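Novice: pasting the sequence and the predicted model now:
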Amino acid sequence: MRFAFFECIMAEKERIPMVYCRLDPPSVGDSESVRYVPLSEFGLWKHLMEHRHGRRVRVLSASVWISEDPTEWNSGYLPGDLAPVVRLRFETSDSLGMPTRIERFFPALHYPRVQEALFRHYPDLMVGADIRITPGYFVPRGFHRPV
């Protein structure tokens, strides 16, 4: 088990354009076929999922991910308006030894299990590495508020 630094930045609220999608058909044992993918990476990610892994990507929605901010807890959002999504960030080395930042988003409900699955892709990631977890929300369309 790896431990991560829990990060709750209270300064500027981050807004990351995000695609909420589903992979079809689900893999064997893949009950969590829902994905949150940053819009800036979505085209390449979709291509890899469809052509390398043989999975169809079905876009459900596009909107923004916002980091959790305690000052926003009484912001007028209803409990069901926001989907809890955790951001995980860490740095590793690529095949050339260059530092590479990894950033992934997961439904909060499935986070502990998918974190371990993700780390299996990075066997050289050291225990004690700088792993940052930021709680946040996917804000469905129609719930945007002015900045």
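Specialist: Sure thing, it's come through. Numbering: from 1, shown residues only.
Novice: show the pLDDT at residue 81.
Specialist: We have a pLDDT of 78 for residue 81.
Novice: right, I mislabeled it, should have said residue 11
Specialist: On pLDDT, residue 11 comes in at 40.
Novice: okay, the most centrally placed residue in the chain and residue 124: tell me how far apart.
Specialist: The chain has residue 105 as the residue nearest its centroid, 0.5 Å off, counting by Cα atoms, centre = their mean. Residue 105 sits 23 Å away from residue 124, going by Cβ to Cβ, to the nearest Å. C-betas here are computed from N, CA, C, even on glycine.
Novice: what about the closest residue to residue 100 other than its chain neighbours, how many neighbours?
Specialist: Leaving aside its chain neighbours, residue 100 sits nearest to residue 94 (4.7 Å; criterion: Cβ to Cβ, 6 or more residues apart in numbering). Residues within reach of residue 94, counting by other Cβ atoms under 10 Å, total 8.
Novice: next one: residue 100
Specialist: Per other Cβ under 10 Å, the neighbour tally for residue 100 reads 13.
Novice: residues contacting it?
Specialist: By Cβ atoms under 8 Å, 6 or more residues apart in numbering, the contact list for residue 100 reads 91-94.
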